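**Student:** Show me how the following folds:
(2 chains)
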Number of protein chains: 2
Amino acid sequence: MNRQQLIEQIKQKRSFLCVGLDPDLGKMPAGLGGDLLAFNKAIIDATAQHAIAFKPNLAFYEVQGVQGYKAFEDTVAYIRANYPDVMIIADAKRGDIGNTSKMYAKSFFETLNVDALTVAPYMGEDSVTPFLGYPDKWVVLLALTSNKGSQDFQHIAAADGGDELFETVIKKSQQWGDASNMMYVTGATQAPLFTRIRQLAPSHFLLVPGVGAQGGSLEQVAKYGFNSDCGLIVNSSRGIIHASSGDDFAQVAGQKAADLHAQMQKLLADYGIFS
Amino acid sequence: MNRQQLIEQIKQKRSFLCVGLDPDLGKMPAGLGGDLLAFNKAIIDATAQHAIAFKPNLAFYEVQGVQGYKAFEDTVAYIRANYPDVMIIADAKRGDIGNTSKMYAKSFFETLNVDALTVAPYMGEDSVTPFLGYPDKWVVLLALTSNKGSQDFQHIAAADGGDELFETVIKKSQQWGDASNMMYVTGATQAPLFTRIRQLAPSHFLLVPGVGAQGGSLEQVAKYGFNSDCGLIVNSSRGIIHASSGDDFAQVAGQKAADLHAQMQKLLADYGIFS
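**Tutor:** Numbering: from 1, shown residues only, chains lettered A, B, ... in the order given. Purely as a prediction, here's the structure:
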């Protein structure tokens, strides 16, 4: 999916919602017997009209071993077959030396054929660039994450120039890719810092986790993060898919996604985006 | 595997060799028909007497999808069944928000039951600590990697105190774990910096990639990295497993591992370790 197609989808649906497919066995209705794929299909069908992206998180599949990995592959195939316009972001936070990142790129962009992959920046340029050679595929680079541990390293100011680490990541990575093949992960819990992020990366899409269970505010994210193309993909996982652990899980998930969709429609209107 | 068992194994074999199981389809003998497990079994059998650890790199399995993931699981099971004393390090460079890292910890330390996992530090404390709650399991935290991109962020000096990022990672992470459950990845290509690393982490084991194909020197690594318990696990992947792409691949791999083993025996003797 290229940038134009992504923007077009946001414009048509008037949504910038990403539904995180992180199915936790302990929170799934007992009746499903731990069937990740059946759970995901129900969630996908209930939320696809509100979502412009789905983001399965590999950890929640690998925990079931081969069977889980198969459920992940089948989930990707199900979205592709039934909702071909919706972006698929594999949340795997990969990143390794060049020859290994090249293998990961092959895994995700050829074998699985997802649209985007989250990548960790610690190992630098040659750990990221192998993912950038694929047309219409995206690197979603960790910049400022939503968790408490983001305080440990991401805010360290450099002796030379004073940039905090997340700022250096955003600056430096723009030598490797651009707004057509790279996005940044920026946590909703850090929304006031989006002003600074927008100075550094005015055109890039930001993938924003942390709304919902982690406490981030959608209004704040929009206020500080919108650009004229929307420029935001806001993720909610637990707040949607595990809002109910009863047999009505899909219906409740659909309602939670619809609520966020309505808020997003209003925010896009309030800020005059695509008007 | 606990620290005492690891040291005992190094002492008995007089080796600190880790064989990286990164099977590249393009470099495997055609006769194997791309069978990762058959390739690995032959490599494992040929090198186990020289190695104290095996390190499969997930990228090289995921690239084959479910079938590859199964080969990874089966490889782990094969090592466990046939060489129970040899450490298994899953090279996956995971790291995510707390609830996700908890799932990865379950995947690798319960479902797969490997001994150690490489983890990326960018997301800080709550991305690492979920892996530290397992007795006799290890986090191998990226500190100073062997690749060119290590220059991009790992050497940034902090305005407050002047520590480079890799130094801050080593210092801060010692508030989360200790030398009994944490090691650091420190690339062989940066051996002179091991002096500094040993000031910060005198007792920790260092997992050292980059000898061989990447150009690091075993002598330099020993000179700057040894401590009185050896304290080093030196990995070679391509230099062993793909030394021949002919039908003699396992035999040649065994020879390459034996060569490194002999060098390691000599270095342990030269430095009077375990004497």
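**Student:** ranges for the strands of the stretch 151-275 of chain A?
**Tutor:** A:182-186, A:206-208, A:232-236 (DSSP state E, counting those that start in this stretch).
**Student:** Give me the buried positions along stretch A:223-242.
**Tutor:** Residues of stretch A:223-242 classed as buried: A:223-227, A:229-237, A:239-242 (neighbour count, 16 or more other Cβ atoms under 10 Å in any protein chain shown). Every residue, glycine included, has its C-beta placed from N, CA and C.
**Student:** what does the stretch 101-250 of chain A put close to chain B?
**Tutor:** A:101, A:103-104, A:106-107, A:111-112, A:120-128, A:142, A:145-154, A:156-160, A:162, A:165, A:168-169, A:172, A:209, A:214 (Cβ under 8 Å from any Cβ of the partner chain).
**Student:** which residues touch the closest residue to residue A:249 other than its chain neighbours?
**Tutor:** Excluding its sequence neighbours, the residue lying closest to residue A:249 (Cβ to Cβ, 6 or more residues apart in numbering or on different chains) is residue A:29, at 5.6 Å. Contact analysis of residue A:29 by Cβ atoms under 8 Å, 6 or more residues apart in numbering or on different chains lists A:245-247, A:249.
**Student:** And for residue A:196?
**Tutor:** Counting by Cβ under 8 Å, 6+ apart, residue A:196 has contacts residue A:167.
**Student:** Please apply the same query to the one 5 residues further on.
**Tutor:** Listed by Cβ under 8 Å, 6+ apart, the contact set of residue A:201 reads A:170, A:174, A:179, A:184.
**Student:** Quick check: the gap between it and residue A:189.
**Tutor:** Residue A:201 is 19 Å from residue A:189, where distance means Cβ to Cβ, to the nearest Å.
**Student:** residue ranges for the strands of the stretch 1-150 of chain A, please.
**Tutor:** Using DSSP E, counting those that start in this stretch, the strands of the stretch 1-150 of chain A run over residues A:17-21, A:53-56, A:87-94, A:116-119, A:138-144.
**Student:** Mind telling me which residue of the stretch 151-275 of chain A is nearest chain B?
**Tutor:** Residue nearest to chain B within the stretch 151-275 of chain A: residue A:152 (3.2 Å; Cβ to the nearest Cβ).
**Student:** Quick check: closest non-adjacent residue to that residue.
**Tutor:** Once flanking residues are discounted, residue A:152 sits nearest to residue B:124: 3.2 Å by Cβ to Cβ, 6+ apart.
**Student:** Tally up the residues packed near that neighbour, please.
**Tutor:** 24 (other Cβ atoms under 10 Å in any protein chain shown).
**Student:** and it, what pLDDT?
**Tutor:** For residue B:124, the model assigns a pLDDT of 98.
**Student:** Confirm for me that it is in contact with residue A:146.
**Tutor:** No - using Cβ atoms under 8 Å, residue B:124 is not in contact with residue A:146, being 11.5 Å away.
**Student:** overlap in contacts of those two?
**Tutor:** With Cβ under 8 Å, 6+ apart, residue B:124 and residue A:146 have no common neighbours.
**Student:** Low-confidence bits of the stretch 1-150 of chain A, can you list those?
**Tutor:** For the stretch 1-150 of chain A, no stretch is flagged by pLDDT under 70.
**Student:** mind listing the helices for it?
**Tutor:** With DSSP state H, counting those that start in this stretch as the criterion, the stretch 1-150 of chain A has helices at A:3-13, A:36-47, A:59-62, A:65-82, A:98-106, A:125-128, A:150-153.
**Student:** Not counting its own residues, what contacts the lengthiest helix in chain A?
**Tutor:** Scanning chain A for the longest helix, with DSSP state H as the assignment, gives helix A:249-270. The contact list for helix A:249-270 (Cβ under 8 Å, 6+ apart) reads A:13-17, A:19, A:28-29, A:39, A:42-43, A:45-47, A:50-51, A:211, A:218-219, A:222, A:226, A:230, A:234, A:236, A:239-244, A:246, A:274-275.
**Student:** And the buried ones among these, selectable in ChimeraX?
**Tutor:** Filtering these down to the buried ones (16+ other Cβ under 10 Å) takes a single ChimeraX command:
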select /A:13,14,15,16,17,19,28,39,42,43,46,47,50,51,211,218,222,226,230,234,236,239,240,241,242,243,244
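**Student:** for the spatially closest residue to residue A:228 that is not a sequence neighbour, what are its contacts?
**Tutor:** Nearest non-adjacent residue to residue A:228, counting by Cβ to Cβ, 6+ apart: residue A:273, 6.8 Å away. By Cβ under 8 Å, 6+ apart, the contact set of residue A:273 is A:226, A:228-230.
**Student:** Over to residue A:231: give its phi and psi.
**Tutor:** The phi and psi torsions at residue A:231 (degrees, to the nearest 10) take the values phi 70, psi 10.
**Student:** And the pLDDT for the closest residue to it other than its chain neighbours?
**Tutor:** Once flanking residues are discounted, residue A:231 sits nearest to residue A:205: 5.7 Å by Cβ to Cβ, 6+ apart. Note for residue A:205: predicted pLDDT of 98.
**Student:** tally of neighbours for residue A:205?
**Tutor:** 26.
**Student:** State the distance from it to residue A:21.
**Tutor:** 19 Å.
**Student:** Using PDB, write down the CA coordinates of stretch A:217-227.
**Tutor:** C-alpha atoms of stretch A:217-227 as PDB (Å, rounded to 0.1, in the frame of the first residue of the first chain):
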ATOM      1  CA  SER A 217      -5.900  10.700  25.100                       C
ATOM      2  CA  LEU A 218      -7.100  10.700  21.500                       C
ATOM      3  CA  GLU A 219      -7.900  14.500  21.600                       C
ATOM      4  CA  GLN A 220      -4.400  15.300  22.700                       C
ATOM      5  CA  VAL A 221      -2.900  13.100  20.000                       C
ATOM      6  CA  ALA A 222      -5.000  14.800  17.300                       C
ATOM      7  CA  LYS A 223      -4.300  18.300  18.700                       C
ATOM      8  CA  TYR A 224      -0.500  17.800  18.600                       C
ATOM      9  CA  GLY A 225      -0.100  15.200  15.900                       C
ATOM     10  CA  PHE A 226      -2.400  16.000  13.000                       C
ATOM     11  CA  ASN A 227      -1.000  17.200   9.700                       C
END
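**Student:** Okay then, goodbye and thanks.
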